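Enquirer: Requesting a structural model of the entry that follows:
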Amino acid sequence: MDRTSQANRRFCVPVANQGMKASRSSRQTQKFDILLSPGIDLLVLDGAPLELAGRVALYGRLVFEADPRTRVVWEATTRKIYLDELPRITKAHQEFADAVRRGR
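Expert: Alright, predicted model coming up:
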């Protein structure tokens, strides 16, 4: 299977001005398996931290999708877990910022 076919089995959404996010596929595709234009970053979220994956699931914009069912399951699950954990994440960030201000 060529690189274009592999990339098209995923769905992509921008994660920043020039970033892209790719969902799961049946084969673990590495970033270097997909040809991208200069200035484009690809982020495979299968193993991304919850804080990053949750923001993408909530605020990302869908560009292409090959498997709507997989995307919906991933987005719903990731959003639910992220929103459940958001108060704990926010508190941890605040505690860290307070410790830095105190010089610890």
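Enquirer: neighbours of residue 103, just the number please.
Expert: With neighbours defined by other C-beta atoms under 10 Å, the count for residue 103 comes to 5. To be clear about C-beta, it is placed using only N, CA and C from the backbone, and glycine gets the same treatment.
Enquirer: again, but for residue 48
Expert: Neighbours of residue 48 using other C-beta under 10 Å come to 16.
Enquirer: now swap in residue 39 and tell me
Expert: 8.
Enquirer: do residue 62 as well
Expert: Residue 62 - counted by other C-beta under 10 Å - has 14 other residues nearby.
Enquirer: do the same with the one 4 residues further on
Expert: By the measure other C-beta under 10 Å, the count of residues near residue 66 is 13.
Enquirer: Could you give the backbone dihedrals for it?
Expert: Main-chain dihedrals, residue 66, degrees, to the nearest 10: phi -110, psi -20.
Enquirer: for residue 44, same thing?
Expert: According to degrees, to the nearest 10, residue 44 has phi -90, psi 120.
Enquirer: any idea how far it is from residue 88?
Expert: Residue 44 is 25 Å from residue 88, where distance means C-beta to C-beta, to the nearest Å.
Enquirer: Comparing these two, which residue is more hemmed in?
Expert: The residue with more neighbours, out of residue 44 and residue 88, is residue 44; 18 against 9, by other C-beta under 10 Å.
Enquirer: Dig out what the more buried one forms beta bridges with.
Expert: Taking DSSP bridges as the rule, residue 44 bridges to residue 22.
Enquirer: Can you tell me how far it is from residue 35?
Expert: With C-beta to C-beta as the criterion, residue 44 and residue 35 are 15 Å apart.
Enquirer: ranges for the strands of the chain?
Expert: Secondary structure of the chain (DSSP state E): strands located at 12-16, 19-22, 41-44.
Enquirer: Neighbours of the closest residue to residue 58 other than its chain neighbours, how many?
Expert: Of all residues not flanking residue 58 in the chain, residue 79 sits nearest, at 5.9 Å (C-beta to C-beta, 6 or more residues apart in numbering). Using other C-beta under 10 Å as the criterion, residue 79 is surrounded by 15 other residues.
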